[in-house]
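**Q** Structure for the following, please:
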Amino acid sequence: MGLDLVIRGGTVVDGSGQPRVTADVGVRDGRIVEIGRISSPAARTLDADGLVVAPGFIDGHTHMDAQVAWDPLGSCSCWHGVTSVVMSNCGFALAPCKPEDRDWYARCLSAVEDIPTEAMAAGIDWSWETFPDYLATVERLPKAINYGMYIGHSALRMYVMGRRALTEVATEDDRARMASLVKEALKAGALGFSSSRASTHVTPDDTPVASRIADWQEIDEILAAMAELDAGIFQVGPDIASGARHRAFLDRLRRLALDHRRPIMFGVLATRQGDDPTGWRYQTQYIDDTVAAGGRMFGQGTTRSINAIFSLKSYLPFDVLPAWKPIRALPIAEQVKKLREPAVRRALVEAEARMKPRDNVFQGGGAATTDPRKPDYANLFALKGVDWDDPTVEQLARARGQHPVEVMIDLSLADADQVYVQPLVNETPDDVLGILKHERTLATFSDSGAHVCQEMGSSLQTHLLSYWVRKRGAFTLEEAVRKLTHDNAVAWELDDRGLVREGYRADLVLFDEKAIRPCLPTVEKDLPGGARRLVQKAEGIKATLVNGAVAFEDGEATGAYAGTVLKGRLAS
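**A** As a prediction, this is how the structure comes out:
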């Protein structure tokens, strides 16, 4: 029997961490069926001479729940070799949802995850109510990549309790209903249950999201229901407060892990808290101790800092100041004219002096606030490349003898696409490397689909390969590919993905290890309704295959939509 496709002469880095080999890879009916020297005829041949052939990358922390409704490609993740994503993290989901609550759910997603409400209004045909309905809707949608999903705690609470979810502890009947719906979701195909305890996660009314109102008994009973089925992952957005509060949060996670034996995941973060004893080293040691006691626990890590992103075309830190507001409301061409006027520039610099000092606390959510903080110019970088070696605005101001605001104005006048990066969490490369090196911390946490004008986490895979492998030599290529593929497949229990092995799904990425790298981001108005977002593509990727179909070639979509919904084992 002939093959659908053969990838010929590539260097196979199979995802296991074992040394690379030169081999052909044969694909039939969406699966890998031959590896080695292949003489079987094939309908199509891809020449992989000089290229790495690796499993498609897996990203377990995204918020693409809304975007999947209007974007069949799965951008920007799709441009960085990602073939599978998990969405509905941190309790934020679009199902279950009663029709009368749809606007509230959309506004909450906008408030917490910076997904424009106008894009959701224009791009979503909201025809579902229950979680199984939503999963079935995603199954029907055209998809160039694969999607898995959790049932989200905030959505679940709102569905069961209505507006009481935002202020009240659940009753016994409420808890029983939630546990039953989680079981229903797991049987339909949910990969697990997600929640958040993060103080940065607030509603449009600046009150805690519904999951933060829940007591630990509620979470305990939901995990007990998961344990009855012996299925599902618990993902939680952590309380990142330092000291005793964070230790108490981790202690509760340990008890859940040991009592219910379900895998637990949370983000491992480094923040500028001085000698905070509950930093990332404490968190990773805590994971080790929990696993040693018999629990299953994973940390989720980024491959670079988590940032606020600013530009003339999106947000600037000064946008809500009275002197800036009328100018920022103008079309870009008119803004440029105004910014060239000396009197206007003086007024804008003077307005900045009235801003409050920055407190360096990670805020999340929308970029512009009604309580603007002065940027930390020593930690605000004028992005010129993607290798973590950009000058700060403070450095440029000293070199030019200018006020930092004038520097930003001049840079933006020279290039309207100029981007400024303010690291908020995982600020230093050494901290990021320490997190990545830990054996139970997963290279994921892109937040792809969220913070669309604030972050560029979708490039975490190509950043790992270009910066940490090629530039820094901190990982071998084999180690890095394993972290992006097999390690994540194991953690999310995706048993037939994450390796280049016979019988596995043919999710594959072909790339030049000497050229793969993220491109600089640009601001585009390509969301439904003309809403803006940061777009970041990549170089050095020849082709991406999803379930055996060539979905992307030389950075362009082919029109093949072979993506599927990744379901938990109860629905497999």
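**Q** pLDDT weak spots in the stretch 351-500 of the chain?
**A** 358-371, 453-456 (pLDDT under 70).
**Q** all strands of it, in order?
**A** Applying DSSP state E, counting those that start in this stretch to the stretch 351-500 of the chain gives strands spanning 381-382, 419-425, 441-443.
**Q** Parallel or antiparallel, list what pairs with the last one.
**A** According to DSSP bridges, strand 441-443 forms sheet pairs with strand 297-301 (parallel).
**Q** buried stuff in the strand it pairs with?
**A** By 16 or more other C-beta atoms under 10 Å, the buried positions in strand 297-301 come out as 297-301. To be clear about C-beta, it is placed using only N, CA and C from the backbone, and glycine gets the same treatment.
**Q** Can you give the contact residues for that strand?
**A** Residues outside strand 297-301 that contact it (C-beta atoms under 8 Å, 6 or more residues apart in numbering): 60-61, 253-254, 257, 263-268, 283-284, 287, 290-291, 426, 432, 435-436, 438, 440-445, 491.
**Q** any idea how far it is from the chain center?
**A** A distance of 14 Å separates the centroid of the chain from that of strand 297-301, by C-alpha atoms, centre = their mean, to the nearest Å.
**Q** What subset of the contacts of strand 297-301 is buried?
**A** 60-61, 253-254, 257, 263-268, 283-284, 287, 290, 426, 432, 435-436, 438, 440-445, 491.
**Q** Filter those residues down to just the ones in helices.
**A** Among the buried ones among the contacts of strand 297-301, the members found in helices (DSSP state H) are 253-254, 257, 283-284, 287, 290, 432, 435-436, 491.
**Q** Next, the buried residues of stretch 337-350.
**A** For stretch 337-350, the neighbour count (16+ other C-beta under 10 Å) marks 339, 345, 348-349 as buried.
**Q** Any chance of TSV for those residues, columns secondary structure and distance to Leu520?
**A** Output for these, formatted as TSV (DSSP: H, G, I helix; E, B strand; the rest coil; distance: C-beta to C-beta, whole Å):
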residue	secondary structure	distance to Leu520
Leu339	helix	22
Arg345	helix	26
Leu348	helix	26
Val349	helix	27
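**Q** Which one of these is nearest to His201?
**A** Set against His201, the nearest of the buried residues of stretch 337-350 by C-beta to C-beta is Leu348 (32.8 Å).
**Q** From what I see, that closest one and Met408 are in contact.
**A** No - at 9.8 Å, Leu348 does not count as touching Met408 under the criterion of C-beta atoms under 8 Å.
**Q** Find the residue ranges of this structure scoring beneath the pLDDT cut-off.
**A** If you take pLDDT under 70 as the line, the chain has these spans: 242, 272-278, 358-371, 453-456, 572.
**Q** and with 50 instead?
**A** 274, 360-369 (pLDDT under 50).
**Q** re earlier: which of the buried residues of stretch 337-350 sits closest to Val13?
**A** Nearest member of the buried residues of stretch 337-350 to Val13, counting by C-beta to C-beta, is Leu339, at 48.2 Å.
**Q** Would you confirm that the closest one contacts Leu330?
**A** No - assessed by C-beta under 8 Å, Leu339 is found out of contact with Leu330, at 10.1 Å.
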